[in-house]
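Novice: 3D model of this:
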Amino acid sequence: MKLWSEFRKGIFRENPIFVLVLGMCPALAVTGSLANAVGMGAAVIFVLTCSNVIISAFRKLFPPEIRIPCYIIVVSTFVTVVQKVMQAYTPDLDESLGIFIPLIVVNCIILGRAEAFAGKNPVLASAADGLGMGLGFTLGLSWVALFREVLGNWSVFGKPITAGGFDPAVILVMAPGAFLVLGLSIGFFAWLQLRGRERAAVAATRFALAEEPAFGPPLVEQFKREKAEKEKAAGEQPSGPAAGDSRG
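Specialist: Here you go, the predicted model:
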């Protein structure tokens, strides 16, 4: 259950893009198409999961004073593996993503999870955290890319979805469109979270009111009995001088 909770939090409750607002550079730069977004997300999932596992496994061997450079070496190793695989099997995707693949080394999500989680938790929990955060990042990129590509190009994964006759909103595949879609998406998910908290508060209040008849009267009676007992004990206790006089 704990592993599932660690995995799920990165997708919903602590989504890197829409909640933590991390990794904004690739979220703005590579979301012009779904293919780029999915490719970037897959690379981040691999790097984040593998680096979390290695950092967690050897966390006690890293000197505290130089742990960040050690984390960067681990991350850069897996980034190099990803880049070489992309160059060999998907050269078009590698060329399209360009400098943003090497920049995964200093991505806030990667180093943030290494410092905040993997360096302090066991291997399985760190792997679940890496998978969840990576998947949440990929879903966030895909969400933004879907709106930008569909509305800006009338296409999905580069394939047209209309027979013509509609003018796409070209601005969405440009830099201002990236800021617009990302900002609106962050606002939308923040509203969803706020609405969820309000519903939870209302449900908790209704539950308390529904249960009140069951535990309210007994508590009131118990309070009255305790108060009466205290008053009775205070009334029976003699004063200091009177007690002295009676003994004399």
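Novice: per-residue pLDDT, the closest residue to Ile101 other than its chain neighbours?
Specialist: Using C-beta to C-beta, 6 or more residues apart in numbering and skipping residues adjacent in sequence, the residue nearest Ile101 is Gln83, 5.1 Å away. For glycine as for every other residue, the C-beta is placed from the backbone atoms N, C-alpha and C. As predicted, Gln83 sits at a pLDDT of 94.
Novice: now Met1
Specialist: For Met1, the model assigns a pLDDT of 52.
Novice: same deal with the one 5 residues further on?
Specialist: Reading off the confidence values, Glu6 has pLDDT 87.
Novice: re earlier: and the residue nearest to Ile101, what helix or strand is that in?
Specialist: helix 67-89 (DSSP states H and E).
Novice: which sections of this structure are below the confidence cut-off?
Specialist: 1, 163-165, 208-223, 236-248 (pLDDT under 70).
Novice: From the contact counts, what lies against the biggest helix by length in the chain?
Specialist: Counting residues, the longest helix in the chain under DSSP state H turns out to be helix 175-236. When contacts are defined as 3 or more C-beta pairs under 8 Å, 6 or more residues apart in numbering; DSSP states H and E, helix 175-236 packs onto helix 24-29, helix 123-153.
Novice: Name the stretch among those that sits most buried.
Specialist: With neighbours defined as mean count of other C-beta atoms under 10 Å, the helices and strands packed on helix 175-236 peak in mean count at helix 123-153, which reaches a mean of 23.
Novice: helices and strands around it, which ones?
Specialist: Looks like helix 123-153 contacts helix 2-9, helix 24-29, helix 34-57, helix 108-113, strand 155-156, helix 175-236 (3+ C-beta pairs under 8 Å, 6+ apart).
Novice: Tabulate these (TSV), appending distance to Phe166.
Specialist: Shown next, in TSV, are the helices and strands packed on helix 123-153 (distance: least, C-beta to C-beta, whole Å):
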stretch	distance to Phe166
helix 2-9	38
helix 24-29	26
helix 34-57	19
helix 108-113	36
strand 155-156	12
helix 175-236	17
